[in-house]
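# What shape does this take:
(chains A and B)
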Amino acid sequence: MKVYRSIIFIIICFILYPVSAFAHRVGVFAWVEGDKVFTESYSNRGKVVGARILVYDMEGKKILEGKTDKEGVFVFKNPQKGNLKIVLDASMGHRAEYILKVKEEKKGKSASISSSEISNTQDIKMANMDKIMDMLSNMLDQKLSPLFRQIAELKEKRGVTIHDIIGGIGYIVGLMGLALYLKGSKAGRPLKK
Amino acid sequence: MHISEGVLSYKILCGGALLSGVSTWIGLKKLDLEKTPRVAVFTSGFFVASLIHVPIGPSSAHLILNGLLGLFLGWVAFPAILVGLILQAVMFQFGGITTLGVNTFNMAFPAVICFYVFRRWIINNNRMTSSVSAFLCGALAVMLSAILVSISLALTGMHFLNMAKLIILAHIPIMVIEGLITAITFQFLKRVRPEILEVLYEGV
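Prediction:
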């Protein structure tokens, strides 16, 4: 009997121990930095290494694909096709996707400026303004990218908490109660002697 | 083992949902008042087992315990596993809501098969025979699940043999661990609560 008790004790310890380390949920998130798009893939175990990343446009057409490196990161040049759908395919039926919202570039405006002859100071000022704006936005992208990353991580990386587990078991107990109640009343008498 | 959303085609999702639906109905028919609390306990076990996780090389796999559920519940493993999977999908984002049918079938059907294949040896009075068959029940249920997962993925156009090899190899340690857990749990419950094994004697 003692042997069995210690075995059960070990099993219980085993069950309770690795609450923070579990698997089988993968995720991917992405952010824009300059003209590049960074993607980072993770599972609950950490980074996803060597998994396929597929990039689609919003019409579902595949633009490019690649593999994550040993940090789980895959970087590609922004194809400038508006919003992107980034799909992580981590084999064995594990898959995740992320919609990356990309700002449309103001192509029309800058093109018209570069093509037209800059003849007066007004236009020069405008052109300078545009340059400054571009630089500013690049700088902001760089400064803010760690923040974007952290927000994305916070949004995606919520692990399993003890509350989830207790809540789930609570649901099961509730379902049991419901089943007992339904079966009990089907038998035609209330649950008392 | 948990197939994510967006991997399988609609046909397979519908097929899985149909098969699981029918089997769950059979399971619910076999569920009676006295069994219900026991089923809830095993469902809780299944629900939590997925959090236990065994690292294997670069990848990792977690416990499933479907063989254990099959051994003690028979057909009722279907509703139990369905409930467990719904909660895992909602709370841990394991698998997904659309793939519930396929995932339930992949895990619960091997449980039922192993129950019917091994029960005549499991109720054997020889301790060795019953332990070994309980071990095999736990281990083979995982293996069959791995094969079913590979088939589901292969039907969507992935290469079956490569897939099956990868998934089965990743789950070999899980098979051993689950076999041991099933055998130990069986011997323990047989001693302390022999009435729990009545399901094994039904209709033999």
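# contacts, neighbours, all on C-alpha from now
Will do.
# State which helix of chain B is the longest.
Criterion DSSP state H: the longest helix present in chain B is helix B:160-192.
# what distance separates that one from the centre of its chain?
Distance, stretch centre to chain centre, for helix B:160-192: 10 Å (C-alpha atoms, centre = their mean, to the nearest Å).
# which parts of stretch A:30-46 are buried?
Neighbour-count burial for stretch A:30-46, with 16 or more other C-alpha atoms under 10 Å in any protein chain shown as criterion, is recorded at A:30-34, A:37-45.
# Could you point out the helix or strand that follows the helix or strand of chain A with the lowest mean pLDDT?
Ranked by mean pLDDT, DSSP states H and E, the weakest helix or strand in chain A is helix A:107-115, scoring a mean of 47. Sequence-wise, the next helix or strand downstream of helix A:107-115 (DSSP states H and E) is helix A:121-156.
# Is chain B within reach of the next helix or strand after that following helix?
Sequence-wise, the next helix or strand downstream of helix A:121-156 (DSSP H and E) is helix A:162-186. Yes: shown here: helix A:162-186 in contact with chain B (C-alpha under 8 Å from any C-alpha of the partner chain) through A:164, A:165, A:168, A:169, A:172, A:173, A:176, A:179, A:180, A:183, A:184.
# Might you list the low-confidence residue ranges for the chain?
By default, I'm working from chain A. Per-residue confidence for chain A (pLDDT under 70) gives these ranges: A:1-25, A:44-46, A:91-92, A:103-120, A:153, A:155-159, A:185-193.
# Sorry, I should have been clearer: chain B.
For chain B, residues meeting the criterion pLDDT under 70 lie at B:55-60, B:203-204.
# which residue sits closest to the residue nearest the centre of it, ignoring its sequence neighbours?
The centroid of chain B falls nearest to residue B:66 when counting by C-alpha atoms, centre = their mean (2.2 Å). Once flanking residues are discounted, residue B:66 sits nearest to residue B:111: 5.5 Å by C-alpha to C-alpha, 6 or more residues apart in numbering or on different chains.
# What residues sit buried inside the helix or strand encompassing the one you found?
Assessed by DSSP H and E, residue B:111 sits inside helix B:100-122. Of the residues in helix B:100-122, B:100-116, B:118-119, B:122 count as buried by neighbour count, 16+ other C-alpha under 10 Å.
# List the buried residues of stretch B:119-133.
By 16+ other C-alpha under 10 Å, the buried positions in stretch B:119-133 come out as B:119, B:122, B:123, B:130, B:131, B:132, B:133.
# check whether that stretch contacts chain A.
No: using C-alpha under 8 Å from any C-alpha, stretch B:119-133 never reaches chain A; the gap is at least 14.3 Å.
# Which single one of the buried residues of stretch B:119-133 is nearest to residue B:43?
Taking C-alpha to C-alpha as the measure, residue B:43 lies nearest residue B:119 of those, at 20.5 Å.
# Show me how the record splits chain A into domains.
Under the assignment automatic domain parsing, the domains of chain A span A:26-158, A:160-193.
# Deepest in the core, which of these is it.
Each of the domains of chain A was scored by mean neighbour count; the highest is domain A:26-158, a mean of 16, by mean count of other C-alpha atoms under 10 Å in any protein chain shown.
# on that earlier part again, please report the distance of the residue nearest to residue B:66 from residue B:17.
17 Å (C-alpha to C-alpha, to the nearest Å).
# Give me the spatial nearest neighbour of residue 168, chain neighbours excluded.
Picking chain A for this. Nearest residue to residue A:168, sequence neighbours excluded (C-alpha to C-alpha, 6+ apart): residue B:87, at 6.1 Å.
# hm, I was asking about chain B
Spatially, and ignoring its direct neighbours in sequence, residue B:168 is nearest to residue B:146 (5.7 Å; C-alpha to C-alpha, 6+ apart).
# If you count neighbours, what's buried in the one helix or strand that neighbour maps to?
For residue B:146, the host element (DSSP H and E) is helix B:127-155. For helix B:127-155, burial by neighbour count (16+ other C-alpha under 10 Å) applies to B:130-154.
# again with stretch B:177-194
Within stretch B:177-194, the residues that qualify as buried by neighbour count (16+ other C-alpha under 10 Å) are B:177, B:178, B:179, B:180, B:181, B:182, B:183, B:184, B:185, B:186, B:187, B:188.
# Can you pull the residues of chain B lying near chain A?
Residues of chain B lying near chain A by C-alpha under 8 Å from any C-alpha: B:1-7, B:32-33, B:36-37, B:40, B:43-44, B:47-53, B:60-62, B:83, B:87, B:91-95, B:150, B:153, B:163, B:166-167, B:188.
# 6 Å - rerun?
Within chain B, the positions lying close to chain A (C-alpha under 6 Å from any C-alpha of the partner chain) are B:3, B:4, B:44, B:51, B:53, B:91, B:94.
# and the two most separated of these?
Using C-alpha to C-alpha, these reach their maximum pairwise distance at B:4 and B:44, which is 21.8 Å.
# is it true that residue A:74 lies in a helix?
No: under DSSP: H, G, I helix; E, B strand; the rest coil, residue A:74 sits outside any helix and is assigned strand.
# Contacts only, for it.
A:39, A:68 (C-alpha atoms under 6 Å, 6 or more residues apart in numbering or on different chains).
# Repeat that for residue B:8.
Neighbour list for residue B:8: residue B:156 [criterion: C-alpha under 6 Å, 6+ apart].
# if you set the cut-off to 10 Å instead, what comes out?
By C-alpha atoms under 10 Å, 6 or more residues apart in numbering or on different chains, the contact list for residue B:8 reads A:93, B:98, B:99, B:102, B:152, B:153, B:154, B:155, B:156, B:157.
# again with residue B:70
The contact partners of residue B:70, by C-alpha under 10 Å, 6+ apart, come to B:76-78, B:80-81, B:107-116, B:137-138, B:141.
# Not counting sequence-adjacent ones, nearest residue to it?
Closest residue to residue B:70 apart from its sequence neighbours, by C-alpha to C-alpha, 6+ apart: residue B:111 at 4.2 Å.
# and the gap between that neighbour and residue A:127?
For residue B:111, the distance to residue A:127 equals 71 Å [C-alpha to C-alpha].
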